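structure for this input, please:
(2 chains)
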Amino acid sequence: MLDDVSLSVASGETVCLLGHSGCGKTTMLRVAAGLERPDKGRVVLAGKQVTGPGGFVPPEARGVGLMFQDYALFPHLTIIDNVAFGLSHKPSADARRIARQALERVGLAAYAQDYPHMLSGGEQQRVALARALAPQPGIILMDEPFSNLDQRTREAIREDTMTLLRDNGSTSLVVTHDPAEAMTIADRIALMRSGRIVQTGTAEELYRRPNSLFVARYFCDLNEIDGEASGNVVSCAAGRFVLSNPVPDGPCIVCIRPHAITLVIAGVDPFSGTILSRRFLGDADAVTIAADGLTKPLHARMPAGYAVAPGERTGIKIDPAGVLAFPRNVNTSAS
Amino acid sequence: MSEAPVIRTERTSAASTQSGARSWLAGAVVIAALVAAPVVSLIAIAMRGSGDLWPHLIAYVFPQTVADTMILLAGVGVLVMTIGTGLAWLLTAYEFPGRRIFEWALLLPLAVPTYIVAFAYLDILHPVGPVQTALRGLLGISSPRGLWFPEVRSMAGCIFLLGIVLYPYVYISTRAMFLMQAGSILEVARTLGASRRRVFLQVALPLARPAIAVGTALALLEALNDIGASEFLGVQTMSVSIYATWVNRSNLPGAAQIALFMLLIIVSLILVERWARRNQRYVSMAQRSRRAAPRRLEGWRAGVAIVLASLPVLFGFLLPAIYLTDQAIRRIGFAGISPEIGREIVNTMTVAAIATTLALALGLVVAYAARLSRAPLAEASLRIASLGYAVPGTVLAIGLLAPLAALDNALATFLGYAGISSGLLLTGTSAALIYAYVARFLAISAGGIESGMAKLSPSLDHAARTLGETAGGVMRRVHLPLLRPALGAAALLVFVDCMKELPATLLLRPLNFETLSTHLYGEAARGTYEDGAIAALCIVLVGLIPVILLAKLSRRPALAYDARQPGARSAQMAQDILAAQAPHDIPQSSER
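Model prediction:
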């Protein structure tokens, strides 16, 4: 599941483990929590080794907070008892008081005596957050904490959760498969693939300077065209581009972001094609173009309002800032 | 953000085992060893050889007993498959007056143990019993010899009586399968132009094959375990031979050899069952579906359906139950409740209660170890600890007695040094009996608890662990409260099975220690019918409780877990009963 992975999270930082399902991101989280014992390697928590040669600290002694996709609220306990679960070492009056404060912070004090199944998904998520935060863990680990919420409430709850964590000064490690979510909440992102971390950095670094085609594809739906690199210039059927991330000379894959494509009057630009379809998406239009010289249609994203219809000829202009290139090898063919 | 990292994982590689599992796993291994011990010791005893008795066994005992056992198994197998599958289809594919009542009434024979049904019918069908007397009166025949009546004390009688109380195993599992599959698949078959008859033969029956196999295997295990019915009815099965060889001929190695042979039959039975269930995966994939629209039967067809569905209930439950009630009332009116019966009730309840408590505790350990650890050893322990269910009571008793006696002698010697005269601590008390009950019925509690636990998301455990609770604490604060319905169901089933248990009780009880079942056996063996009906009625009444809960389930299938709704609670419990009744096997409506 995991293969030689190293990752650090600094105090107060939010790091996202991003990747497709089965890439090992959840295992990584579970190793950090002490729920799984790795075959080798070390985990250091607040300067103390908790997993590694010569010792293993069980999860109950690590002081980590864990939040699950399904929230894992105890169905037989009231909301307040759920939140107080991790405070059992404290006198019960103190535990109740702390639990109540935690519930107040997530705005659910009124539900203290209810049972989990009486709450909505969003409310359950907030109870889970309150429960994880109540014992004041050194770090919060979250496994797809927002993916069970419906689209409309998700963004608001994500916003509230991250604000709360930031105000709290919490350090957090969040597992997600959604690049947009990772970019929204993370200070840094570690993108994983097949049990390895492929690239670590800020959202902008990963987006703008992906170190591989895999990373580039993860954050953006790319138009991929076979090309040839020479110096810092690539040439392909869509034209010649000066690269900001040069690749070794030779065959390469040229990637064009959909929103780097703009339509211009036919005949002015040397690169042109025929409109295949246009779909109105509200704040943007999705247009596919059969470009001259290309075997596959180009997918473009552009501000709404282009009055184009299928069958029309159009000129195509490409912004070099939205063009990336990667060396071509057996694993990353354009097709 | 330049401070020292809060968390750092370095060069971490593949993870597999959950922490905190080790001590639970150790416990599970010990428990599995305790369950396996009788079988191992049985092999050791059998190896010792019975010397000069061996030729006698080969020549006179084996051929007869193996033949009788095989004929009985074949007969009971055919009977339970026919009745169980036929009824399951009748009640799924057709609608007729009273169908909803039959749905649960057909489960009632489960409450009647095989030796009680034999005990009752011996008297009901006796030449001077109610049936033959009434027939003679009707036909105007005066002498009991004047009327020919099929002899119940025969192989055919034994097959009929075992079949008529054991068919519910097939009925339950097959019906569950029909209900799960029925809806869409059967309707699709109809729209493709298949007749009802063809749908049954070519779609429903093949789909139900795994369920039929499971149910039949369970029924046959019961038939193999039976000692009372076969003995009363004069069928020389292997259980009866083991008992006779040991008790009457005092030939322990000989008994052990028969027992070993019986284990071989059981292993092949289980292999056949596995084979009959091959490719089960393709059937259990269908999502929960509603029942296919049944065909409404009217007129004489409805009448036939009603008669077909009533017969098993009548013969398997009503007749014996009415007979026992009638006899018990007469006996109480005539002699009151004897102190003897009172003592036996106390004995039965006490031993059953202790065994149930132990079985639950050990079942928790085994199931929890399997949940915590993904090591193959944990899974193996759970399976081995569940083997006892397949080992007939007589076989278990033979395997237990020798090691316990040896342990007893060692203990007595040891305590003797300390100046304590202990007597026989294990074999002289009901300790051996309790061991046997726990070993035999641990499968029910472990299986029930395991399937109860399977419904709890593992993230509950993990949440509790990261909130500072140890593995044991998670069990106490999270699992135990949530498992209450599963535990209740398992307790009920184990308790009832302990109460009913006859073969191991006969062999392992201390001197002068009678339970309800051994009392009944004694009276039937002597041919004196005194308090027996009262004892039998007690057993049947207690046995009815899980059957009633099970019947509830058949009316209200899938229900979400809501701890605070009493109705949901008992339905949940009934579902857990079903799960525990056939460990790991019967397809359930909610999962897997």
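
contact partners for B:A464?
A:74, A:85, B:473-474, B:477-478 (C-beta atoms under 8 Å, 6 or more residues apart in numbering or on different chains). Where you see a C-beta, it was placed from the backbone N, CA and C, and this is true even at glycine.

and for A:G86, the neighbour number?
For A:G86, the number of neighbouring residues by other C-beta atoms under 10 Å in any protein chain shown comes to 27.

got it, and the one 4 residues further on?
The tally of other residues near A:K90 (other C-beta under 10 Å) stands at 15.

from chain B, how far out is it?
From A:K90 across to chain B, the span is 10 Å (C-beta to the nearest C-beta, to the nearest Å).

my guess is that residue contacts A:R97. True?
No: under the criterion of C-beta atoms under 8 Å, A:K90 makes no contact with A:R97, lying 9.3 Å away.

centre of the chain to the longest helix along chain A, how far?
Ranked by residue count under DSSP state H, the longest helix found in chain A is helix A:151-167. Mean-position distance between helix A:151-167 and its chain equals 15 Å (C-alpha atoms, centre = their mean, to the nearest Å).

re the thing from before, which of the contacts of B:A464 lies closest to B:S142?
When the contacts of B:A464 are compared for distance to B:S142 (C-beta to C-beta), B:V478 wins out at 72.8 Å.

need the contact list for that closest one.
Going by C-beta under 8 Å, 6+ apart, the list of residues near B:V478 reads A:74, A:76, B:456, B:460-461, B:464, B:469.

quick check: which ranges of the stretch 201-335 of chain A have low pLDDT?
Along the stretch 201-335 of chain A, segments meeting pLDDT under 70 span A:269, A:330-335.

give me that answer again for 50
In the predicted model of the stretch 201-335 of chain A, residues A:332-335 satisfy pLDDT under 50.

residue ranges of the helices in it, please?
Along the stretch 201-335 of chain A, the segments classed as helices by DSSP state H, counting those that start in this stretch run A:203-208, A:213-219.

which residue packs closest to whatever residue of the stretch 51-200 of chain A ends up closest to chain B, ignoring adjacent ones?
Nearest residue of the stretch 51-200 of chain A to chain B: A:G86, at 3.2 Å (C-beta to the nearest C-beta). In this structure, A:G86 finds its nearest non-sequential neighbour in B:L467, 3.2 Å apart by C-beta to C-beta, 6 or more residues apart in numbering or on different chains.

about what we covered before: B:L502: which of the contacts of B:V478 is nearest?
B:L456 (36.3 Å).

returning to that earlier point: and the next element down the chain from the longest helix of chain A?
Downstream of helix A:151-167, the next assigned helix or strand under DSSP states H and E is strand A:172-176.

relative to the whole chain's centre, how far out is that next one?
Relative to its chain's centre, strand A:172-176 lies at 9 Å (C-alpha atoms, centre = their mean).

that one and chain B in contact?
Yes: interface with chain B: strand A:172-176 contributes A:L173 (C-beta under 8 Å from any C-beta of the partner chain).

can you pull the domain assignment for the chain?
Since you didn't name a chain, this refers to chain A. A:14-213, A:220-332 (automatic domain parsing).

oops, I was thinking of chain B
Split into domains by automatic domain parsing, chain B comes to B:19-48+B:339-530+B:556-592, B:68-236+B:279-336.

comparing those, which comes out most buried?
Most buried of the domains of chain B, by mean neighbour count (mean count of other C-beta atoms under 10 Å in any protein chain shown): domain B:19-48+B:339-530+B:556-592, with a mean of 20.

if we can go back for a sec, any chance of the domains of chain A in a markdown table, plus distance to B:E501?
Below are the domains of chain A laid out as a markdown table (distance: least, C-beta to C-beta, whole Å):
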| stretch | distance to B:E501 |
| --- | --- |
| domain A:14-213 | 34 |
| domain A:220-332 | 65 |
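
and of the ones you listed, who's closest to B:E450?
Comparing the domains of chain A against B:E450 with C-beta to C-beta, the closest turns out to be domain A:14-213 (19.1 Å).

for the stretch 51-200 of chain A, what lies in contact range of chain B?
Residues of the stretch 51-200 of chain A lying near chain B (C-beta under 8 Å from any C-beta): A:51-52, A:56, A:58-66, A:68-70, A:72, A:74-76, A:85-86, A:88-89, A:115, A:117, A:128, A:131-132, A:135, A:137-139, A:141, A:171, A:173, A:187, A:195.

now a ChimeraX select for only the buried ones of these.
The ChimeraX selection below is limited to those of these classed as buried (16 or more other C-beta atoms under 10 Å in any protein chain shown):
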select /A:51,52,56,58,59,60,62,63,64,65,66,68,69,70,72,74,75,76,85,86,115,128,131,132,135,137,138,139,141,171,173,187,195
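
most neighbours per residue, which of the helices of the stretch 201-335 of chain A?
helix A:213-219 (a mean of 21).

now for that helix, which elements pack on it?
Packed against helix A:213-219 by the contact rule (3 or more C-beta pairs under 8 Å, 6 or more residues apart in numbering or on different chains; DSSP states H and E) you find helix A:179-185, strand A:188-193, strand A:196-201, helix A:203-208, strand A:250-256, strand A:323-327.

now render these as TSV, adding distance to B:E523.
Converted to TSV, the helices and strands packed on helix A:213-219 look like this (distance: least, C-beta to C-beta, whole Å):
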stretch	distance to B:E523
helix A:179-185	75
strand A:188-193	73
strand A:196-201	75
helix A:203-208	84
strand A:250-256	89
strand A:323-327	89
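
quick one: which of those is nearest B:V351?
In terms of C-beta to C-beta, the element of the helices and strands packed on helix A:213-219 nearest to B:V351 is strand A:188-193, at 57.7 Å.

if we look at that closest one, which residues are touching it?
Residues from elsewhere that reach strand A:188-193 (C-beta under 8 Å, 6+ apart): A:5, A:7, A:13-20, A:23-25, A:28, A:182-183, A:197-203, A:206, A:214-215, A:218.

of the residues you listed, buried ones?
Buried among the contacts of strand A:188-193 (16+ other C-beta under 10 Å): A:5, A:7, A:13-19, A:23-25, A:28, A:182-183, A:197-201, A:203, A:206, A:214-215, A:218.

ok, now which ones touch the residue of the stretch 51-200 of chain A closest to chain B?
A:131, A:134-135, B:466-469.

that one belongs to a helix?
Yes: counting by DSSP: H, G, I helix; E, B strand; the rest coil, one finds A:G86 located in a helix.
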